[in-house]
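Enquirer: mind folding the following:
(2 chains)
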2 protein chains.
Amino acid sequence: MTDELSERTFAAVCDMADEAAYAQRTLARASTDLKNDLLLDVAGALEAGAAGIEAANAVDMSEAAAAGMSEGLLDRLRFDAARIHATADGVRNVVSLPDPVGEMVRGRNLPNGMRLNQVRVPIGVVGMIYEARPNVTVDVAALCLKSGNAALLRGGHAARRTNEATLSVIAQVLADHGFASSLVASVDAYGREGATALMQARGHVDLLVPRGGAGLIRAVVDNARVPVIETGAGNCHIYVDASGDLAKALPIVINAKTQRVGVCNAAEKLLVHRAVAEDFLPVVANELSRHGVTIHADDASLAIITAAGIDDLKIVPAEDRDWDTEYLDYEIGIRVVDDLDAAIEHINAHSTGHTEAIVSEDYSAIEEFTQRIDSAVVMVNASTRFTDGGMFGLGAELGISTQKMHARGPMGLEELTTTKWIGYGTGQVRP
Amino acid sequence: MTDELSERTFAAVCDMADEAAYAQRTLARASTDLKNDLLLDVAGALEAGAAGIEAANAVDMSEAAAAGMSEGLLDRLRFDAARIHATADGVRNVVSLPDPVGEMVRGRNLPNGMRLNQVRVPIGVVGMIYEARPNVTVDVAALCLKSGNAALLRGGHAARRTNEATLSVIAQVLADHGFASSLVASVDAYGREGATALMQARGHVDLLVPRGGAGLIRAVVDNARVPVIETGAGNCHIYVDASGDLAKALPIVINAKTQRVGVCNAAEKLLVHRAVAEDFLPVVANELSRHGVTIHADDASLAIITAAGIDDLKIVPAEDRDWDTEYLDYEIGIRVVDDLDAAIEHINAHSTGHTEAIVSEDYSAIEEFTQRIDSAVVMVNASTRFTDGGMFGLGAELGISTQKMHARGPMGLEELTTTKWIGYGTGQVRP
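Expert: Numbers count the residues shown, from 1 in each chain, chains lettered A, B, ... in the order given. Got it, this is the predicted structure:
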C-alpha cells in the first residue's frame, strides 16, 4: 500500500492534519457547554439536511449496486432519513455524556512543597480509517468534538458522496460556532493514497484507529508509522464448564451466536467440558440448527451431535483453520475439551483477545478462567454480545480495542484523551 | 536496519518471546508477597555476586576504552561495587512500591443486573532497547517483575558481558523461586539483529520501549511493527514571563541547565519576555558563563548580553537548527519573545513534548501557559529537572514517555499494566 503514496498527496494530508491540529488547540480549551451546544446544532443540522444527505447516499447506493455490492454491504452503506435521525440522536447521547477533559487523574503534594496534578487533555488529531458506513462519520465526529479532538477521516470510496454531504453539514455548524471546518475533515479525495498518507503522517496525526475487517487492520498495522489502536477482530469463545448451568448456557450460546452475526462480539466458538458434552451438545446443536447455524465440529462433538439424529442439521468436520476463523456469519466451531485448563489454553492460543465467556457455577473454575484468559473482556454466565460501549455505560464508542496499549475493550470518550502533568511550585530547584 | 534481519534470528527471538510469555502467565498471578520476596532475593544476590559482575564490567570497560569510547559513555558503562549496591537498593525501593496488578480501575452494576469490573493486569512481554547502561538492566527487570511482566532486553554491545553476568544472577534467583529464567532474558547474543527482531515481533512482544538517543528512537519508530512508547527526547524550555520573579528565575534556569547536563529533563532553551530581557539576560548570562555554559543567542538577546561586558562569556549567534536541538551539554539557546503567545507558539513548534517551565507571578499567564503547552509536563516556577518518576512519587521509572498513547511523562509500575474487563452475570443475554 505504501508504494502508491506520492509526495504530493503525503504533503497535502500532512497539511490537512496540521490545520486540524491548529484548530484543535482552540477546541481543546472550549468549555463543555460550548462543545455541547455545538453538538446539539450538529444533530439538528443533520436532521434538517437529511434530504440532501439521503440524495447523495442514493447515488452512492445505486453506483455500488451496479458494481455488484452484496446485500449486506449495501445495507451497511444505506443512510436514509430514519438512520440519519437515529444517528442525530446518537449525537445527542454524546452531549449527555460527561466531558473527560480536565478530569484530575492523580494529584498530590510533593515533599518539596510542589503541588502536582495529572489531568486529562485531548489527544490532538485522531485519524480514522473505516469501511463504507456513513453513520460512523457522524459517530466519530461527535466523539472527537466532545473530547476536544480533531478528526481526520478516510471513510471508504463507496460512501464518498454520502460522507461529503454529511461533512459539509458539520462544516457549516462548525463555521457558525466560529471553528475551522478542518476540525472534522476527510482525506477521501485522495483515494487509497489518502489512507496511506494517514498511516505515515507521524508527528502530524497523533493516533490512528482502523475499524473494519482483518485485511484493513493488517494493512494499517504493517504500514503505519503513526501510533495505531487495533479494533474489532473478534474470534470470541464460550466455554461451558462441567459445573455449568445448562439452562443458562443454552440461551447464552444462542444469543451470542445468532442475535446478530456480523458483529465482532458475536460468539464464533463453543468449547464444552467432556463431562456435560453428552447432555448439552444435542440440545445446543438442535437449537443452533433451528437458527440456521452451520456447525464446524471436532471429532468428539461431531460424534455426539450426529448420534442425536437432529432434523435439518448442518454440520461439517472442523479443520485446523476453523479455530482461528472469525466467521461473522451463521457458523460456529464446536470442540469438546477435557478440562478447564484445556479450554483456557485453547482460547489463549486462538482468540483475538476480544471477549470470552464461561458458563459455570464453580467458584474456583470462574476465578481461574477470569484470571488466566488474556482478553479485553471476560464474561461470566452472560452473553459475549454485551461487550459494547453503550452496554458498559460508557455511552457511544469509537471501536473496541483488542490490543493492550492505551485502551482495551470499548473505547469511549475517556479513551480519546491523554494526560498532562502540571507542577505548581514556588521556585523549587532539584538538589 | 530491517534489511539485516535473518529469518533464523527472527524465529529465535520470537521463540524467546513466546517462552517469556508462557512464564509470564504464572508470574501474572503471583501474589505481591511472592513477587516482593523474589525481588529482595534479586537485590541480595546482586550484592553477593557484585565481584563477578564488576569483573565482567572491567572487561567491557577496557575493551570500550581501547575502542576509544568517550569519558562520558565510559562513566555510564561503569558498574562497580558501589553502583551495584545502589542498584540493589533501587530494587528494594521497587519492593516498597504498591503493586498495581489487581487494582480496580472502574466498577459498576449494569442496569441488567450484571456486575462489571475493570481491573489492572500485566501487559505481558515488554521489550526494551537501551544503550550500554548496566543499571538499566536491573531497573527494568525489577519494574517488570513487580508488575507481573516478562522483560526481553537489548542492552547494548558494549555492556554485553556486564549484562550477561547480571542476568545470570537474576536467572538463578528466578530458578530458586520456581520461575523460568526466560522471564528476564537478553537478545544481545543476536547483536543488532536482535534489536530489529524485537521491533518486528508483533504478536510475540506486547510493547517495546526504546531508551536512548534520538537516533535509536527514530530507528525504532521507523521499523517497529510492535507497539512502541517513545521516551526521553527532551528539548525542554523555560519561559520567563514579564511578571516573573527574577530571583526565582535565576536559580531555576541555572539548576535546570547545569545540575546535570546529559539528561532529558535538563533545560535546553530559555525564552525571555522582552519586558524583562534587559534586567534578566545579563544576570543569567553571567551565571551561565560561570558554569561554563555556551549561549546560542538570537539577535535581540545577543545584543543585550554582549553589551553587558561579561568576563569569559561564551556566546554565539543562534542558527535555525538550534531551536530544535537537544544539546545534552553545557549549551543553551536563548531567545527574546514579544509576549506569552510568542513563547507558547515557539515551544509548541520546537519542543519534543517532554517538559516546559514558566516563571511567572501572573495568574492568567500561568493558566494560558499550562493549558496551551502541549507537553507531558508543565512546571510553574520550578525546575524542569523535577520530571522524574522518583521526584513525582511514582518510585522508579522505566523511562519518560514523550508521546500521548498509553503513558505520558514518567512511566512507573502503573504504566506497565493494561486492563481487563470482567462481567459477572446470572445468565443475561442481549435483548
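
Enquirer: give me every residue that touches A:G124.
Expert: Shown in contact with A:G124 (CB atoms under 8 Å, 6 or more residues apart in numbering or on different chains): A:A21, A:Q24, A:N149, A:A150, A:D206, A:L207, B:D374, B:K404. The way it works is simple: take the backbone N, C-alpha and C, and place the C-beta from them, glycine included.

Enquirer: please redo it, this time with the cut-off set to 10 Å
Expert: A:17, A:20-21, A:24-25, A:28, A:148-150, A:204-207, A:418, B:374, B:404 (CB atoms under 10 Å, 6 or more residues apart in numbering or on different chains).

Enquirer: repeat for A:W421
Expert: Contacts for A:W421 (CB under 10 Å, 6+ apart) come out as A:105-106, A:116-119, B:355, B:375-379, B:386-387, B:392, B:408-410.

Enquirer: again, but for A:S383
Expert: For A:S383, the contact set (CB under 10 Å, 6+ apart) comprises A:236, A:238, A:251-257, A:259, A:265-267, A:355, A:357, A:391, B:114, B:423, B:425, B:427-430.

Enquirer: of those residues, just the buried ones, PyMOL syntax please.
Expert: Applying 16 or more other CB atoms under 10 Å in any protein chain shown to these leaves a buried subset, and the PyMOL line that selects it is:
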select buried, (chain A and resi 236+238+252+253+254+255+256+257+259+265+266+267+355+357+391) or (chain B and resi 114+423+425+427+428+429+430)
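
Enquirer: tell me how chain A divides into domains.
Expert: For chain A, automatic domain parsing gives the domain ranges A:2-231+A:405-424, A:236-386.

Enquirer: circling back to that earlier point, among the contacts of A:G124, who's most crowded?
Expert: A:A150 (32 neighbours; other CB atoms under 10 Å in any protein chain shown).

Enquirer: how about that residue, what does it touch?
Expert: A:16-17, A:19-25, A:27-28, A:122-127, A:141, A:144, A:179-180, A:182-185, A:205-206.

Enquirer: tell me the pLDDT at it?
Expert: Note on A:A150: pLDDT of 98.

Enquirer: partner residues bridging it?
Expert: Beta bridges link A:A150 to A:V125, judged by DSSP bridges.

Enquirer: and if you look at A:L208?
Expert: Bridge pairing for A:L208 - DSSP bridges - gives A:G127, A:V228.

Enquirer: residue boundaries of the helices in chain A?
Expert: In chain A, the helices defined using DSSP state H lie at A:7-27, A:32-48, A:50-66, A:71-77, A:81-96, A:134-146, A:160-176, A:191-200, A:214-223, A:246-258, A:274-290, A:299-307, A:340-350, A:363-372.

Enquirer: where among these is the average confidence lowest?
Expert: When I compare the helices of chain A, helix A:214-223 is least confident, with a mean of 85.

Enquirer: my guess is A:V240 contacts A:A247, does it?
Expert: No. When contacts are counted by CB atoms under 10 Å, A:V240 is not listed as touching A:A247 (11.6 Å).

Enquirer: could you report the neighbour count for the closest residue to A:W421 other than its chain neighbours?
Expert: Excluding its sequence neighbours, the residue lying closest to A:W421 (CB to CB, 6 or more residues apart in numbering or on different chains) is B:V377, at 4.4 Å. Neighbourhood size, B:V377 [other CB under 10 Å]: 28.

Enquirer: show me which residues of the stretch 101-250 of chain A sit near chain B.
Expert: A:102, A:106, A:108-119, A:121-124, A:202-203, A:206-207, A:221-230, A:245, A:247-250 (CB under 10 Å from any CB of the partner chain).

Enquirer: how does it look with 8 Å?
Expert: A:108, A:110, A:112, A:114, A:116, A:118, A:123-124, A:202, A:206-207, A:221-222, A:225, A:227-229, A:245, A:247-248 (CB under 8 Å from any CB of the partner chain).

Enquirer: tell me the contacts of the nearest residue to A:R92 once chain neighbours are set aside?
Expert: Excluding the flanking residues, the one nearest A:R92 by CB to CB, 6+ apart is A:A43, at 5.1 Å. For A:A43, the contact set (CB under 8 Å, 6+ apart) comprises A:A88, A:D89, A:V91, A:R92, A:V95.
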